[in-house]
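**Student:** following is a predicted model, sequence given first.
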Amino acid sequence: MVSGLFIGAVISLICGLDRVAILQVMVSRPIVAAPLTAFFLGDAMVGLQVGVMVELLWLARLPVGAAVPPDDTQVAIGGTTLAIILGERLGNAGLELVLLCLLVAILLGKVGQYFDHFARQHNVRLAQKVDAALDSGSLLMAELQHLRGLGSFSLAALGTYITIITGGLLIIPILLPLIQQPLSYSSSWIELALPLVGVAVILGTVNVSRAITLFCASFGMAFLLMWLV
Amino acid sequence: MNLVLIRIDNRLIHGQVLETWVPFVGADCIVVANDEIAGNQLKKMMMQASVPSRMRVEIGTVDDCVALLKSPQLDKCRTLLLFGTPADAVRAHRAGLEFTNLNLGNLHADEWQAQLSCTLFLSTVDLVDLELLDHAGVKITARCIPADGERSWRKLIPAAKGKA
Amino acid sequence: MVIPRKTRVYIWFRLLLLQASWNYERFQGVGFFYALLPGLRKVYAKEELLAVSRKYTGYFNTHVYLAPLVAGAVLKLEEDHAAGKLEQQVDIKDFKEMVAAPYAAIGDALFWGGLRPLAAAIALFFAVKGILWAAVIFVVGYNLVPAWFRTVFFVHGYRRGIKSVEFIQQHKLPDWAIHTKEAAIVVLGGLSAFMVFSHLTELQLPSWLGMLTLIPMVMLGLVARKGVSTLLLIFITVGSIFLLGLFWVDMTQLFIMLGMDL
């Protein structure tokens, strides 16, 4: 279990930094981060399941300017890690466990935005230290201040991950026996509904006129084709 | 004149305006009231190039924009008006442009006095200007993107003063 | 003094760390300084370098994938400036500020608003099918375009200097962004239909029921347009499906009981 949590933390750090601080090659997207985590934890399919459910949810929240979107990276990684680790401990509880882990992660993942805010606010001090370094004539010090920013973003990513994991490990073992049976009636529908909620939010907020018309036409067309075939 | 949003944003047209506010308020015309951009052909062209061609963009000095908005030319458009600084908003208001709501997006004064929120760094002059508008009955709120909560700037002031 | 090729490559790599110290006061400002420093070192002597550096650490923000284009052009301008070749009085600081916001607007619309949903929607088809390669398909497929912008336009910016802005006026990228978004919406329509259809087939329910999903989806879309948070929508949807599930089971049990009693 400890090694599993550690693997999760490493991936949370790498993918978390990709969100803002470095690279931006989109390994931070849930569809990548969740299967990646799950692959190293030995049950890749769970990751794919989580990835599909989370990917679209906040895809419409763009990191424009200073706006901080909800941290779907840590939600995906935390949810996957919880599902696999608790699956091993509590006996494989199937889709209900995955859903429960994900919902808990979504709720606790809200802290990610605050941690991200703190990191960006904290980095203001680094900018001032750069000024000071230049005043004292040290370019090397000024360069180093920039890299120190990686520390703040790392802490923010890990902080979110640890919050989700700790909360999940405490709540889910208690909640699962209570909710597993009632949840089993609707679990597959919820699994279907989550990505569709994401699609709906994209439709509502995308900067395209007649997005809903376009979507309905495409949906109807595809549906008809599948029905015909 | 159909103003759907009046916003102060020192970056003027950028991602937040085009990707979040335009679909949110359903605007089809952006008016940028900024003397500096209006006076520089290259800057004006760059700014126009960043907007999709189906949207109407008008870039002019504050006075020109007020005149344009008062004329019936833009009556059929849902207009989003952008100012670069609170001072420009005050000028427009004095020139007779009537508005009741004002959105604060991004403001980065170099010598800032008060930080209202993550993206609002106001100078002393900005504070005075906003105070003027507030007295004139304009409801001033800070909201970076529609997904953020709307907060009255008054409520943010004490926290800022505590810090400064 | 010309900036050697090796240094330019080094600067390109440093640009990958552009946002490492992103903060609310300067945005990418410090990062931009960090990336350009090796180049500035080649152009300026030690005493001048400090003064020039101060010019760069201030507020700056553009799209990450278009920052290399700005950086390339700025390097060229600094080179020319040092060599005294700069026609008229081009202010370099003014130049980078002028292009930053339009590039940011274009990049946000094209990459975050258009390309990312499109790539995600396509990759999700594979993921829904249970193909693990979906993750790789997404990363590779998505990054083709940003990689092109990051490398080719860095070189382009350095070659053309101030004229590099022409590409933006010629190519109508904001319109391309809209086309990409429309494509993304069409693919998302197909994806949603596919997911609903396969779910119904799996449960052996009549497939026409799937058309009904459009109603709650459009409703959710309209609610989202009003600015209701996604988190709330998620919990409302999950909550109602959960309650419906319970209700359904109770009803079937009731019917079974009644049937037995009768």
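**Tutor:** That came in fine, so what should we check first?
**Student:** the top helix by length along chain A near chain C anywhere?
**Tutor:** Ranked by residue count, the top helix of chain A under DSSP state H comes out as helix A:139-184. Yes - Helix A:139-184 comes into contact with chain C (Cβ under 8 Å from any Cβ of the partner chain), by way of A:139, A:142-143, A:145-150, A:153, A:182-183. Where you see a C-beta, it was placed from the backbone N, CA and C, and this is true even at glycine.
**Student:** cool, stretch B:141-158 as well?
**Tutor:** Yes - using Cβ under 8 Å from any Cβ, stretch B:141-158 reaches chain C at B:146-147.
**Student:** hmm, back to that, and the longest helix of chain A, how far from the chain's centre?
**Tutor:** Taking Cα atoms, centre = their mean, to the nearest Å, the mean C-alpha location of helix A:139-184 is offset from the chain mean by 10 Å.
**Student:** helices and strands of the chain: which one bottoms out on pLDDT?
**Tutor:** Defaulting to chain A. Lowest mean confidence among the helices and strands of chain A (mean pLDDT, DSSP states H and E): helix A:111-135, at a mean of 90.
**Student:** wait, chain C was what I had in mind.
**Tutor:** Per mean pLDDT, DSSP H and E, helix C:166-171 ranks last in chain C, at a mean of 80.
**Student:** so where is chain B shaky, pLDDT-wise?
**Tutor:** B:158-164 (pLDDT under 70).
**Student:** let's see 80
**Tutor:** B:1, B:109-118, B:149, B:152-164 (pLDDT under 80).
**Student:** thinking again about what came up before, which of the residues of helix A:139-184 next to chain C sit farthest apart?
**Tutor:** A:Leu139 and A:Pro182 (63.1 Å; Cβ to Cβ).
**Student:** which of these two has more neighbours?
**Tutor:** A:Leu139 (18 against 15; other Cβ atoms under 10 Å in any protein chain shown).
**Student:** in chain B, which residue sits closest to chain C?
**Tutor:** Of all residues in chain B, B:Gly15 sits closest to chain C, at 3.0 Å by Cβ to the nearest Cβ.
**Student:** let me have the residues of helix A:139-184 next to chain C in TSV, adding distance to B:Arg91 and pLDDT as columns.
**Tutor:** TSV is the format used below for the residues of helix A:139-184 next to chain C (distance: Cβ to Cβ, whole Å; pLDDT from 0 to 100):
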residue	distance to B:Arg91	pLDDT
A:Leu139	42	85
A:Ala142	39	87
A:Glu143	42	88
A:Gln145	39	89
A:His146	39	90
A:Leu147	44	91
A:Arg148	42	91
A:Gly149	38	90
A:Leu150	43	92
A:Phe153	40	93
A:Pro182	62	89
A:Leu183	60	90
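**Student:** about what we covered before: quick one: the least confident helix or strand of chain C to chain centroid distance?
**Tutor:** Offset of helix C:166-171 from its chain centre (Cα atoms, centre = their mean): 20 Å.
**Student:** what residues does chain C have near chain B?
**Tutor:** Counting by Cβ under 8 Å from any Cβ, chain C sits next to chain B at C:24-25, C:58-59, C:61, C:63, C:98-99, C:101-109, C:112-113, C:165, C:168-169, C:172, C:174-175, C:177-178, C:225, C:227, C:229.
**Student:** check contacts around residue 130.
**Tutor:** I went with chain A, as the question did not name one. A:142, A:145-146, C:30, C:33, C:57 (Cβ atoms under 8 Å, 6 or more residues apart in numbering or on different chains).
**Student:** sorry, I should have been clearer: chain B.
**Tutor:** Here B:Leu130 is in contact with B:86, B:122, B:140, B:153 (criterion: Cβ under 8 Å, 6+ apart).
**Student:** check which residues of the least confident helix or strand of chain C are buried.
**Tutor:** C:Ile168 (16 or more other Cβ atoms under 10 Å in any protein chain shown).
**Student:** which ones are touching the residue lying closest to C:Tyr142 once chain neighbours are set aside?
**Tutor:** Excluding the flanking residues, the one nearest C:Tyr142 by Cβ to Cβ, 6 or more residues apart in numbering or on different chains is C:Ala119, at 3.9 Å. Applying Cβ under 8 Å, 6+ apart to C:Ala119 gives the contacts C:138, C:141-142.
**Student:** if we can go back for a sec, give me the subset of the residues of chain C next to chain B touching chain A.
**Tutor:** C:24-25, C:61, C:104, C:108-109, C:112-113, C:178, C:225.
**Student:** C:Phe194: which of those is nearest?
**Tutor:** C:Gly113 (23.4 Å).
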